[in-house]
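Q: need the 3D shape of this:
(4 chains)
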Protein chains: 2
Amino acid sequence: MGRLEIRPEEHAALVDGRPLSLTVRELQLLISLSEHPQRIMTREELFAQVWGGQPRDDDRSVDVYVSRLRAKLGEALPGRRLIHTHNGIGYRFSPDG
Amino acid sequence: MGRLEIRPEEHAALVDGRPLSLTVRELQLLISLSEHPQRIMTREELFAQVWGGQPRDDDRSVDVYVSRLRAKLGEALPGRRLIHTHNGIGYRFSPDG
DNA sequence: GCACTTGTGAAAAGCCTGTGAACGCAGGCG
DNA sequence: CGCCTGCGTTCACAGGCTTTTCACAAGTGC
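A: Numbering: from 1, shown residues only, chains lettered A, B, ... in the order given. Below you'll find the model as predicted:
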């Protein structure tokens, strides 16, 4: 999976061997996304996996955490965009930028 | 169906396993077309399936979205023409270029 | 108490959509 | 030929809707 490595059982995400300092939520979200590479996941799916249950109609939690995750990934891997937005649907994780 | 795969339930259209970044409308249109391969579909039929209801007399929405769809398909599958125009009638989807 | 995380509201940025208009292309006709 | 006409294709754009980002109050654990 390139320079990014995710170890759910160790609660860790590594870039070139260095752990990213992600919060629990951020890591859960990254794990959920990366478990289905190239698949478009809806907010509902992601919310269910990370938070459990169903999001409120106007819940922006997923978006906010995607944003935070991107910020940290972007710092560690400049110039790569691993999480893609699919307007009106959700997000997609693509290992190869 | 060759290199193009359409998965309505996943909101995705894949070329060689990679999702195209289609908008919701574009995907709906592609789904409608591809559900009846080799069949000529009228603008009215397509409009009804994608937008619902009947198009205005001078509505060009279907044409515009066919054009947008062709542009994106053409980028992902250069040299193949999947959507054929039938003058005065409508469009036809042909899986094998 | 302190440092950090979490979820929420709201402003800013960005994308999608439908529309009108311009453009291109072919056929018909003087 | 040259011009007109009928269609389909593409461009440009404004409005609306979605996503992104920021700031903040409340919560948690050390």
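Q: longest helix anywhere in chain A?
A: Secondary structure of chain A per DSSP state H: the longest helix is helix A:61-76.
Q: hmm, that one in reach of DNA strand D?
A: Yes - using Cβ under 7 Å from any atom of the strand, helix A:61-76 reaches DNA strand D at A:63, A:64, A:66, A:67, A:70, A:71. Yep, even glycine has a C-beta here, placed from its N, CA and C like the rest.
Q: and that helix, what does it pack onto?
A: helix A:24-34, helix A:43-50, strand A:83-86, strand A:90-93 (3 or more Cβ pairs under 8 Å, 6 or more residues apart in numbering or on different chains; DSSP states H and E).
Q: so of these, which one's packed in deepest?
A: Among these, strand A:90-93 has the highest mean neighbour count (mean count of other Cβ atoms under 10 Å in any protein chain shown), at a mean of 21.
Q: is DNA strand C contacted by it?
A: No - with Cβ under 7 Å from any atom of the strand as the criterion, DNA strand C is not reached by strand A:90-93; the gap is at least 12.5 Å.
Q: same check on stretch A:45-59?
A: Yes - with Cβ under 7 Å from any atom of the strand as the measure, stretch A:45-59 is seen reaching DNA strand C through A:51, A:56, A:58, A:59.
Q: what's the end-to-end length of stretch A:76-91?
A: Length of stretch A:76-91, first residue to last, Cα to Cα, to the nearest Å: 20 Å.
Q: ok now it, how far from the chain's centre?
A: Centre-to-centre, stretch A:76-91 and its host chain are 9 Å apart (Cα atoms, centre = their mean, to the nearest Å).
Q: identify the residues contacting the most centrally placed residue in chain A.
A: Geometric centre of chain A, nearest residue: residue A:30, 3.0 Å, by Cα atoms, centre = their mean. Counting by Cβ atoms under 8 Å, 6 or more residues apart in numbering or on different chains, residue A:30 makes contact with A:6, A:13, A:22, A:69.
Q: if I look at the first one, how far off is residue B:89?
A: Think residue A:6. Distance from residue A:6 to residue B:89, counting by Cβ to Cβ, to the nearest Å: 52 Å.
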